[in-house]
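>>> Just to be clear, the model below is a prediction. Sequence and coordinates:
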Amino acid sequence: MARIGIDVDGVLADFATFYTDLTRTLFGISLPNPPPTWTWNTDFGLTSRMAQQVERYIKGQAKSLLNVPAYAYTHELIAKMNAWRDAGHDIYCITARNIPRAKWITEKWLTGQGLTLPT
């Protein structure tokens, strides 16, 4: 049996849209989406201080990550992930989220998208 790892943000969850919507709400700044560079937030108008404020907002309002949109293909991919698990493969969802209760929030989001037994 295989061990399969799938990244959450940027593969299943459209974190870039969530982030750009948040920067527009907090500061009135529209960032390009999809991001053209790794430092896209500061390259396109956010100061380092503003980027830190966004990070603090996300950490303080961690449940807001339950509202990260899924990509159009996410439900199809999750159906495949469920089939792989049913066939006996180990499925791991990977995230670098550094927020309080990251595991619980990520698993709740994945369950809401239809993934059974997220890990």
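Arrived safely, thanks for sending. Source: prediction; values computed, not measured. Numbering: from 1, shown residues only.
>>> can we go C-alpha only for contacts and neighbour counts from here?
Will do.
>>> How about R101: what's its closest non-neighbour residue?
With sequence-adjacent residues excluded and distances taken as C-alpha to C-alpha, 6 or more residues apart in numbering, R101 is closest to A62, at 7.8 Å.
>>> quick one: that neighbour from I99, how far?
Distance of A62 to I99, given as C-alpha to C-alpha, to the nearest Å: 6 Å.
>>> And for E55?
9 Å.
>>> hmm, back to that, what do A62 and I99 both touch?
Listed as contacting both A62 and I99 by C-alpha atoms under 8 Å, 6 or more residues apart in numbering is no residue at all.
>>> A87 - how many residues pack around it?
Close neighbours of A87, defined as other C-alpha atoms under 10 Å, add up to 11.
>>> same question, T106
23.
>>> The helix or strand hosting it packs against which elements?
For T106, the host element (DSSP states H and E) is helix 102-112. For helix 102-112, there is no helix or strand it packs on, judged by 3 or more C-alpha pairs under 8 Å, 6 or more residues apart in numbering; DSSP states H and E.
>>> buried stuff in that helix?
Neighbour-count burial for helix 102-112, counted by 16 or more other C-alpha atoms under 10 Å, picks out 102-103, 105-110.
>>> what does stretch 1-18 give?
8-9, 12-18.
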